[in-house]
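Undergrad: Just need the structure, nothing else, for what follows:
(2 chains)
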There are 2 protein chains.
Amino acid sequence: MGYSALPLTKLIEQFASLPGIGMKTAQRLAFYVLTLSDDEAKAFSDAILEAHEKIKNCEICKNFTDKPICDICADKLRDHSVICVVEDAKDVAAFERTREYKGVYHVLHGLISPMDGIGPDQLYIKALLDRIAEEDVKEVIMATNPTVEGEATAMYISRLLKPLGIKTSRLAFGIPVGSSLEYADEMTLFKALENRSEI
Amino acid sequence: MGYSALPLTKLIEQFASLPGIGMKTAQRLAFYVLTLSDDEAKAFSDAILEAHEKIKNCEICKNFTDKPICDICADKLRDHSVICVVEDAKDVAAFERTREYKGVYHVLHGLISPMDGIGPDQLYIKALLDRIAEEDVKEVIMATNPTVEGEATAMYISRLLKPLGIKTSRLAFGIPVGSSLEYADEMTLFKALENRSEI
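TA: Sure, this is the predicted structure:
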């Protein structure tokens, strides 16, 4: 990079190793860190270590938490008979932002993807089945992304659940709220037509 | 953000405080940090502290360095009579990548910008004058960006240097190598015409 200072090069390389951060951005971020106060730099450094040490998967739903069982699973007011199955913890945060969903979650930590060598055993699918065997679950909502991998994973899990007599559902596909029909792709329009509802 | 885990929220906020990093990216980066091994997380955390502690401004040219005097200023093979004045350390790295420039640098750490309340006193302009008074300097190349602030700073410094009888030069403006005329703006085309050279 043309920097003679080794600690700076090291920091740039650390930033560049993050996903979606190229060399130019890494350089910009590293230079910014140099402008921080001592306390701010310490806080940043500590936040990395602390999050890395303390954040584990919830024993029940596998969502990120700093307790053995996450706040959502520990919440008695939530409906523990409805489980929303998602790809990762970001999706839990997205559903929580709606403030409408009152059930609990199950985080798979990935999707089935033979292309990337990820099979069902690398995901928390068995943990989901164990959970269903132990708890009184009425419905499992498959809330994986509408991609090839997301669809395949949803299909795979729903087939495992069918013999257990548990209702499995899938998120609705259709036109996003506030978008324009003009920009919707054919598949989305087809799904929106197919799943039309009476007004 | 809908995360119940405080250490995770803290780390996301730290990333989001970096320039050009929004909440979504901060979230992605924080989640990535959780997937690192203990050693990797420690290395990242240490790199921030170490760079912040050890990187200082070179006593001569104000470039970032972990020594009192940077490698470029300490290099006896370089031409210390030519000083290339740049806005920040990123620009030094850019010139060094050309492997053609053999002179030394002076890093201003900013540009004169009355809009942002940055006057000549906040930059290392006095340090440049002191340096010129002490050393045998033949030429000062103003290599600030071709923006309003860059031009103003170049003009300001060149006026200070003129009475001292030191040759000051400015980077050439013209069509970038490998670009298309079609996309060049009027000002660049005008400069390219004006500064045309015989072939």
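Undergrad: Ramachandran angles for residue A:103?
TA: The phi and psi values for residue A:103, taken as degrees, to the nearest 10, are phi -80, psi -160.
Undergrad: wait, what's in contact with it?
TA: A:78, A:79, A:80, A:81, A:82, A:83, A:84, A:139, A:141 (Cβ atoms under 8 Å, 6 or more residues apart in numbering or on different chains). All C-beta spots, glycine's among them, are computed from the backbone N, C-alpha and C.
Undergrad: now those in CSV, with neighbour count and pLDDT?
TA: Formatted as CSV, the contacts of residue A:103 follow (neighbours: other Cβ atoms under 10 Å in any protein chain shown; pLDDT from 0 to 100):
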residue, neighbour count, pLDDT
A:78, 16, 94
A:79, 13, 94
A:80, 17, 94
A:81, 13, 93
A:82, 18, 93
A:83, 26, 94
A:84, 21, 93
A:139, 15, 91
A:141, 20, 91
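Undergrad: Just the closest of those to residue B:94, please.
TA: Taking Cβ to Cβ as the measure, residue B:94 sits nearest to residue A:84 out of these, at 49.2 Å.
Undergrad: Please identify which helix or strand holds that closest one.
TA: strand A:79-86 (DSSP states H and E).
Undergrad: Briefly note if the helix or strand following that strand comes near chain B.
TA: Heading C-terminal from strand A:79-86, the first helix or strand you meet, by DSSP H and E, is helix A:89-98. Yes: using Cβ under 8 Å from any Cβ of the partner chain, we find that helix A:89-98 touches chain B at A:89, A:90, A:92, A:93, A:94, A:96, A:97.
Undergrad: A ChimeraX selection for those, restricted to the buried ones, would help me check which they are.
TA: Only the buried entries of the residues of helix A:89-98 next to chain B go into this ChimeraX selection, using 16 or more other Cβ atoms under 10 Å in any protein chain shown:
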select /A:89,90,92,93,96
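Undergrad: Strands along chain A, start to end?
TA: A:56-57, A:64-65, A:79-86, A:103-107, A:139-142, A:167-170 (DSSP state E).
Undergrad: Tell me how many other residues crowd residue A:143.
TA: The local packing of residue A:143 (other Cβ atoms under 10 Å in any protein chain shown) involves 22 other residues.
Undergrad: I'd like to know how far it sits from residue A:171.
TA: Between residue A:143 and residue A:171 the computed distance is 5 Å (Cβ to Cβ, to the nearest Å).
Undergrad: Dihedrals phi and psi, the spatially closest residue to residue A:150 that is not a sequence neighbour?
TA: Residue nearest to residue A:150 in three dimensions, not counting chain neighbours: residue A:144, with 3.6 Å by Cβ to Cβ, 6 or more residues apart in numbering or on different chains. In terms of degrees, to the nearest 10, the main-chain angles of residue A:144 are phi -80, psi 160.
Undergrad: What about residue A:144, how many residues nearby?
TA: Residues lying near residue A:144 (other Cβ under 10 Å) number 23.
Undergrad: you'd agree it is up against residue A:156?
TA: No: taking Cβ atoms under 8 Å as the definition, residue A:144 is not a contact partner of residue A:156, at 10.1 Å.
Undergrad: tell me which helix or strand of chain A sits lowest on mean pLDDT?
TA: For chain A, the helix or strand with the lowest mean confidence is helix A:186-194, at a mean of 79 (criterion: mean pLDDT, DSSP states H and E).
Undergrad: Flag every buried residue along it.
TA: Within helix A:186-194, the residues scored as buried using 16+ other Cβ under 10 Å are A:188, A:191, A:192.
Undergrad: so what's the backbone phi/psi at the residue nearest to the spatial centre of chain A?
TA: Nearest to the mean C-alpha position of chain A, by Cα atoms, centre = their mean, lies residue A:88 at 2.1 Å. Backbone dihedrals for residue A:88, given as degrees, to the nearest 10, come out at phi -150, psi 180.
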